[in-house]
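Peer 1: Have a look; sequence and predicted model below, questions after that.
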Amino acid sequence: METPVLITLLVSAIIFALIFHGKIHRTIVAWGGSIVILLIGKFYGFLNESIIFEFIDFNVIGLLLGMMTIASILELSGFFEFVAIKFAKASKGKPWLLLILLGTGNTVISLFIDNVTSIILFAPITICTIEPTARITVFSPDTKDSHFPISSISALAFSS
């Protein structure tokens, strides 16, 4: 392997180790690691100012920023508690029906937004209703990944 590749792998391993260790906040570690990689790329000549922005997909960043903003607004407005109460009333105290409602609701929501955001939206709803149903809420967005590219970050990145 070439020297720039080895140095980049070493810096990446250090970044992951620091994030895993948790002593320094992961945002600071990620930004610092990015700057170090950019400086190494500039020094060895495999990165320059003209191609750095080609690696950033601003469409994905904008979409994620919008979804996180919507999730924050919904949380502040009490939407999650409202939906949790509606699901609990609709299930009429039957745990299996509540499980089906939560799983189906999460799957339907994740048709329009990515999996991570749908889990972020449905986790408070699940916690508000009943905790043992958390597993189905986490796994239900994966039931439709092959059909809708917006459903996962990797599929969205590859399709843009």
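Peer 2: Looks like it came in fine.

Peer 1: gap between the residue nearest the centre of the chain and I52?
Peer 2: Taking C-alpha atoms, centre = their mean, the centroid of the chain lies closest to V116, which sits 3.9 Å from it. Distance of V116 to I52, computed by C-beta to C-beta, to the nearest Å: 26 Å. For every residue, glycine as well, the C-beta is placed using N, CA and C.

Peer 1: Could you pull out the buried residues of the host helix or strand of I15?
Peer 2: Assigning secondary structure by DSSP states H and E places I15 in helix 3-21. If you call a residue buried by 16 or more other C-beta atoms under 10 Å, then helix 3-21 has these buried ones: I7, T8, V11, I15, L18, I19.

Peer 1: how much space is there between the second one and Y44?
Peer 2: Translated: T8. Using C-beta to C-beta, one gets 9 Å for the distance from T8 to Y44.

Peer 1: now do the first one
Peer 2: Here the criterion is C-beta to C-beta. By it, I7 lies 8 Å from Y44.

Peer 1: Domain-wise, how is the protein divided?
Peer 2: Listed by automatic domain parsing, the domain ranges of the chain are 3-55, 58-156.

Peer 1: okay, those domains in a markdown table with mean pLDDT next?
Peer 2: Below are those laid out as a markdown table (pLDDT from 0 to 100):
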| stretch | mean pLDDT |
| --- | --- |
| domain 3-55 | 86 |
| domain 58-156 | 73 |
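
Peer 1: so of those, which one's packed in deepest?
Peer 2: domain 58-156 (a mean of 16; mean count of other C-beta atoms under 10 Å).

Peer 1: And it, how far out from the chain middle?
Peer 2: Relative to the centre of its chain, domain 58-156 is centred 12 Å away, using C-alpha atoms, centre = their mean, to the nearest Å.

Peer 1: Check stretch 23-34 too.
Peer 2: 18 Å.

Peer 1: same deal with stretch 25-43?
Peer 2: Distance of stretch 25-43 from its chain centroid, counting by C-alpha atoms, centre = their mean, is 21 Å.

Peer 1: going on from the helix holding I15, what's the next piece of helix or strand?
Peer 2: Using DSSP H and E, the helix or strand that follows helix 3-21 in sequence is helix 26-44.

Peer 1: Now do that following helix and helix 3-21, the angle between them.
Peer 2: 170 degrees (axes from the mean of the first three to the mean of the last three C-alpha atoms, to 10 degrees).
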